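Trainee: Quick one, what's the 3D model for this:
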Amino acid sequence: MEEGKAARKIEQSSTTGGLPVSPSLGPTLEAAEVPHEGTAFGPRAVYVSIAAMVVGLAAALASRALIYLIWFLTNLFFYHRFSVEIIHQPMEIVSPVVIGVPVIGAIIIGLMARYGSRAVAGHGIPEAMEQVLLNQSNIPAKMTFLKPVSAAISIGTGGPYGAEGPIIATGGALGSLLGQFLPVTTGERKTLLAAGAAAGIATAFGAPVASVLLAIELLLFEFRPRSIIPVALACVVATVVHYVFEGEGPFFHFAPSELDPVTRAAMMAYLVIGCIIGVGAVVLTRTVYLIEHLFEKIPIHWMWHPAIGAVLVGVIGYLAPRTFGSGYFNIDDLLSQKLALGAIVFLGIMKFLSWTISLGSGTAGGTLAPVFTIGGTLGAILGIAGRHLFPQAHIDISMAALVGMVGIFAGASRALLTSVVFAVETTMAPMTILPALAGCSAAYLVSCLLMRHSIMTEKMARQGVHVPEEFEADFLDTVSVSQMMSRPIVSLLENRPVGEVRDWIQSGAQGSSHQGFPVVDANGYLLGVLTRRDLLKMEVPGQVPVKDLLRRRPSVVYDDCTLRDAADHMVNHDVGRLPVVSRQEPSKLVGMITRSDVLRAHRMRLREEQPKRHITFKLGKRNGQVIAAGHSSEQSG
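Mentor: Residues are numbered from 1 along each chain as shown. A predicted model of the protein is given here:
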């Protein structure tokens, strides 16, 4: 009867589903600050989701304002008129005066970086990643103004960028700013930052699913409902805004010449194109950082680097007007087969030179549009070559350009799923999904083999910042306490004299080498835990019972909790070991879990990652016949 009452008392005292204390101390558990058991989606997530939808709307409107500002400046500097008209074609006749237009914008950006914030430079996504990893997702409020203005000036004066980078940075800054005003955790603020950034992309391209995937692959560094759902809702709101301003049609007009289903030979061709595109992604990334390194060696203040790069951008733009600005019409023309082979080669080379020089010099702008253009030209060239060499394969040039477009982004950024879904959503052409998946996967594979870091993470890696590249379940969440706890239990009775325990420890008897010992009463109920240091303090008289040395409430864990629960509980209570009790019999002490046990679990994980041959085959002879026999084995292969 008494044991049953004690068990109920433990259950009632617990403030989590798995972290109780001893029966004698149950009523005081709330003061022990035992962490509450987390849930996948609770009231806090609803609160964050509503905040994310607000961020999504704000980011969408800011995105539209930025786009209009870019076109206003483009019309002002290149067409000498006050207008926000969106220009869907390149300038046909240009004057040498246009060479100076990018220089004007670069000087202004240099001044903004020098006297405002150097963070105005860059292409948006890496800066947002850096804030998530190093600054608890706290973006300075001034960046909500400086970043979009600097980017609008850069692109509006001919910078070879897309608007998506600064849109991401602006949306992320808005999400971070709201997260700094609201009472949220660091993780929730990260979710709001990612929601704003993803909403910006959704507004720009009308690609909500790709935007959510971009946030997962490049910003959230996790896959959990409490972060994905708010980001998804923000992208829904932003996409509705996109439909209001742009309509519900495709962002890029895809016009394949082959209307029949993709042939097996063509699919193999797109796979090969993806491999070549992967090499191109590596070359692209390394070129950007090589040029950046060369600019750093120029013996003048870095404020003037953008202006130096802008001179070359202006010259290239004078020779190839299509390289000025975001040039989304270039992608449209590539996907619609409106450009001849010579024009495609010229555009690809010039855009590559203009963008890498400009970005390496330290100006502001987005990555997607120029990378898509460069990849699209390379894909189209390879498609034309393949169609000429293997006409029976029915390689579609538009499809090859699309594979190159999204494949080079997958290889350069390591955002595989984002790239595949982006191809489908922006063209609204479902038949593109399989070629895009083949090309992006191949490009991703080649890029991973040839390049350790992506274009988004290379700079941070050089600064010593580790950027997570793989998302997997926490191993400690897959192992229960019962699997790793130490048994049998070596406990001390509450009335045992300290001097007797000291003599036992110093004798080196079996079980005396432990660093901590649970103290129990005559009924076996846990009272607390004492360490060797507590017991060996010579200032404590030897006749004192061990129970008098207890100074803190015992923190315990259920045997069916995970090692993650146990490890977090150890950290929260600054202890190195926890008594383990049974959920069926909460008064029963069943084991001890220590930090060493947690590390032992990690050793088990490392062993599991070693290649093993589980089935082996041996050839032999029986009655003159050659036979093969197989048997299971756990030996390393």
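Trainee: Correct me if wrong: Ser211 contacts Gly196.
Mentor: No. Ser211 is not in contact with Gly196 according to CB atoms under 8 Å; the separation is 11.0 Å. C-beta: built from backbone N, CA, C; applies to glycine.
Trainee: Please say which of the two ends up with more neighbours.
Mentor: Gly196 (39 against 35; other CB atoms under 10 Å).
Trainee: now that one, what's its secondary structure?
Mentor: Counting by DSSP: H, G, I helix; E, B strand; the rest coil, the backbone at Gly196 sits in helix.
Trainee: for it, what are its contacts?
Mentor: Listed by CB atoms under 8 Å, 6 or more residues apart in numbering, the contact set of Gly196 reads Val55, Gly56, Ala58, Ala59, Thr170, Gly171, Gly172, Ala173, Leu174, Gly175, Ser176, Ala234.
Trainee: Next: Gln483.
Mentor: Ala601.
Trainee: Residue ranges of each domain in this protein, please.
Mentor: 43-246, 264-462, 476-607 (automatic domain parsing).
Trainee: average pLDDT for the longest one?
Mentor: Pointing back at domain 43-246 there. Averaging pLDDT along domain 43-246 gives 86.
Trainee: Please apply the same query to the last one.
Mentor: Domain 476-607 carries an average pLDDT of 82.
Trainee: what ranges do the helices span in the stretch 501-637 of the chain?
Mentor: Applying DSSP state H, counting those that start in this stretch to the stretch 501-637 of the chain gives helices spanning 532-536, 563-573, 595-608.
Trainee: Excluding chain neighbours, what is closest to Ile593?
Mentor: Spatially, and ignoring its direct neighbours in sequence, Ile593 is nearest to Met485 (4.7 Å; CB to CB, 6 or more residues apart in numbering).
Trainee: So what does that neighbour have for phi and psi?
Mentor: When read as degrees, to the nearest 10, the backbone of Met485 gives phi -70, psi 160.
Trainee: Where do the strands of the stretch 451-600 of the chain begin and end?
Mentor: Under the criterion DSSP state E, counting those that start in this stretch, the stretch 451-600 of the chain carries strands at the ranges 492-493, 516-520, 526-531, 557-558, 577-581, 589-594.
Trainee: which residues does Arg114 contact?
Mentor: Contacts of Arg114 (CB under 8 Å, 6+ apart): His301, Met303.
Trainee: For the helix or strand encompassing it, buried residues please.
Mentor: Using DSSP states H and E, Arg114 maps to helix 100-115. Residues of helix 100-115 classed as buried by neighbour count (16 or more other CB atoms under 10 Å): Val101, Pro102, Val103, Ile104, Gly105, Ala106, Ile107, Ile108, Ile109, Gly110, Met112, Ala113.
Trainee: tell me which of those is nearest to Ile273?
Mentor: Proximity of the buried residues of helix 100-115 to Ile273 (CB to CB) peaks at Pro102, which lies at 32.6 Å.
Trainee: Look up how far Ser507 lies from the closest one.
Mentor: 83 Å (CB to CB, to the nearest Å).
Trainee: do the same with Ala436
Mentor: Distance from Ala436 to Ser507, by CB to CB: 71 Å.
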